[in-house]
Structure formats: C-alpha cells, structure tokens
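Asks: Sharing a model prediction with you, sequence too.
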Amino acid sequence: MRDRVIAEFPVKAGKRADMEAAFRAALPDTRAFDGCRDIKVFHDAERDTFVLIEKWDSFDHYDRYIAWRMETGLGEMLDPLLEGGAAALKISRLKATDL
C-alpha cells in the first residue's frame, strides 16, 4: 500500500512566480527520488497556497527524501517564498483505511 503525503505551501505575497520556478527546478529530482510514485501540484487561488499530493512507497522513503532535501538547503530556499517562512510548510501524512 502506498502512503500519501499532502504538503501545503502558503506563498508570500508577490512570490508566486518565484515559487513556481522553485517547483519547476525541484520537482524533477523529487519525482526521481527512490520511493516517489507520483506528485500532483494544485494551486488554491483563494489562499494563494500550493498543495502537493504525493504518493510514496512508504513514509520511510519520504523521510529519507526530506532528510536529503534538508541537507541540500530546502528550508533556506523556501524561507523567503513562504508566508511565515519555511516553518509555515504544512505536511500531512495519510495512510489508507479499509473503510
């Protein structure tokens, strides 16, 4: 069963184009990372928030990915682009149920 991650990126006013450019640069490596099965990017115009819906083989794969991203400076890159800085990034980890 694949695990799901929902990541919400609240964009700072005037930084949407920069955030889109950052996604264009980063997503190819994310999609190629071991265990990543799919990422879809959505934009909530009302909140000016990008929402990524991700499928991973496991949360262990996702954790390795996040560790790699932190080592390569993801937080510093996101900080000036997000309303509230990198700390505003919201991550939800979802497991399917049999309901």
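Replies: Structure received. Numbering: from 1, shown residues only.

Asks: Which strands and helices lie in contact with the longest helix along the chain?
Replies: In the chain, taking DSSP state H as the definition, the longest helix is helix 16-32. On a contact count with 3 or more CB pairs under 8 Å, 6 or more residues apart in numbering; DSSP states H and E, helix 16-32 meets strand 36-44, helix 74-78. Just so you know, the C-beta spots here come from the backbone N, C-alpha and C atoms, and that holds for glycine as well.

Asks: list the buried ones in it?
Replies: By neighbour count with 16 or more other CB atoms under 10 Å, helix 16-32 contains the buried residues 19, 22-23.

Asks: Over to stretch 77-89?
Replies: Judged by neighbour count using 16+ other CB under 10 Å, the buried positions of stretch 77-89 are 78-79, 81-82, 86, 88-89.

Asks: least confident pick among those residues?
Replies: Lowest pLDDT of the buried residues of stretch 77-89: residue 86, 88.

Asks: next one: phi and psi at it?
Replies: Note on residue 86: backbone dihedrals following degrees, to the nearest 10 are phi -60, psi -30.

Asks: for the one 10 residues further on, same thing?
Replies: Backbone torsions of residue 96, given as degrees, to the nearest 10, read phi -70, psi 150.

Asks: and what of residue 73?
Replies: Main-chain torsions, residue 73, degrees, to the nearest 10: phi 90, psi 20.

Asks: Could you tell me what pLDDT the model assigned to it?
Replies: 88.

Asks: Count the residues that sit near it.
Replies: 10 (other CB atoms under 10 Å).

Asks: For residue 67, see how far away it is.
Replies: Distance from residue 73 to residue 67, counting by CB to CB, to the nearest Å: 13 Å.

Asks: Residue 28 too?
Replies: Distance from residue 28 to residue 67, counting by CB to CB: 19 Å.

Asks: would you turn the helices and strands packed on helix 16-32 into CSV with distance to residue 93?
Replies: Below are the helices and strands packed on helix 16-32 laid out as CSV (distance: least, CB to CB, whole Å):
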stretch, distance to residue 93
strand 36-44, 14
helix 74-78, 17
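
Asks: Fine, thanks again, bye for now.
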